[in-house]
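Participant: Just the structure for this:
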Amino acid sequence: MTPIDFATLEKGQEIGSTTLHVNRADLVRYAGASGDFNPIHWNERFATEVGLPGVIAHGMFTMGAAVTLVEDWVGDPGAIVDYQTRFTKPVVVEDPAGTNPSDAQGTALEVGGAIGALDEEARTARIDLTVVADGQKVLVKAQALVQF
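Facilitator: Numbers count the residues shown, from 1 in each chain. Predicted coordinates:
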């Protein structure tokens, strides 16, 4: 991968977009890695009993999945020196009903990114992410700061 030349970057420049698919098997794997076994992330009955529309993805899973667009663009995850967001809507992950849960595509997360600000002195770029599931923004003010 060719390194990005900071001098060629412009505010408003798009860095790309991607569609990520989140299925229930992903949530179970994330629960094991994170230690977050809250049943709202894997048990449909429990999730609906507590007022959710269904099983929802972990917020930190969604946040981490979205920033992969920036990682892929910059080519070095270590170049991301700050990343923050606000969670606005849960990402509902439907039951794969009758398929192997690992094979189910799951819920689509549409992620796009653009350069929101450049700091020439610090040689940083703020990347503003747009993260949408089922036509609704699920993260707002999702911003990653990249150090060049």
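
Participant: got the buried residues for stretch 24-38?
Facilitator: Neighbour-count burial for stretch 24-38, counted by 16 or more other CB atoms under 10 Å, picks out 24-27, 30-31. To be clear about C-beta, it is placed using only N, CA and C from the backbone, and glycine gets the same treatment.

Participant: I'd like to know which of these are part of helices.
Facilitator: Counting by DSSP state H, the part of the buried residues of stretch 24-38 found in helices is 24-27, 30-31.

Participant: Which of those lies at the shortest distance from residue 95?
Facilitator: Comparing those against residue 95 with CB to CB places residue 24 closest, at 7.0 Å.

Participant: residue contacts, the residue nearest the centre of the chain?
Facilitator: Geometric centre of the chain, nearest residue: residue 66, 2.0 Å, by CA atoms, centre = their mean. By CB atoms under 8 Å, 6 or more residues apart in numbering, residue 66 lies in contact with 20, 85, 109, 111, 129, 131, 139, 142.

Participant: Report the separation between it and residue 8.
Facilitator: 25 Å (CB to CB, to the nearest Å).

Participant: One more: residue 83?
Facilitator: 23 Å.

Participant: Those two: which is more packed in?
Facilitator: Neighbours per residue (other CB atoms under 10 Å) separate residue 83 from residue 8, with residue 83 holding more: 17 against 7.

Participant: Tell me the confidence at that one?
Facilitator: We have a pLDDT of 98 for residue 83.

Participant: so what's it closest to, chain neighbours aside?
Facilitator: residue 144 (4.5 Å; CB to CB, 6 or more residues apart in numbering).

Participant: so that neighbour sits right up against residue 77, yeah?
Facilitator: No: judged on CB atoms under 8 Å, residue 144 makes no contact with residue 77 at a distance of 10.4 Å.

Participant: Between these two, tell me which one has more neighbours.
Facilitator: residue 144 (26 against 11).

Participant: Mind exporting the C-alpha coordinates of whatever helix or strand residue 138 lives in to CSV?
Facilitator: Using DSSP states H and E, residue 138 sits within strand 136-147. C-alpha atoms of strand 136-147 as CSV (Å, rounded to 0.1, in the frame of the first residue of the first chain):
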residue,chain,number,x,y,z
GLN,A,136,-30.9,5.3,10.4
LYS,A,137,-27.7,6.8,11.8
VAL,A,138,-26.5,4.6,14.6
LEU,A,139,-23.4,6.7,15.5
VAL,A,140,-23.1,10.5,15.4
LYS,A,141,-20.0,12.6,15.8
ALA,A,142,-18.0,9.5,15.0
GLN,A,143,-14.5,11.1,14.6
ALA,A,144,-11.1,9.5,14.3
LEU,A,145,-8.0,11.6,14.5
VAL,A,146,-5.1,10.3,12.3
GLN,A,147,-1.5,11.3,12.9
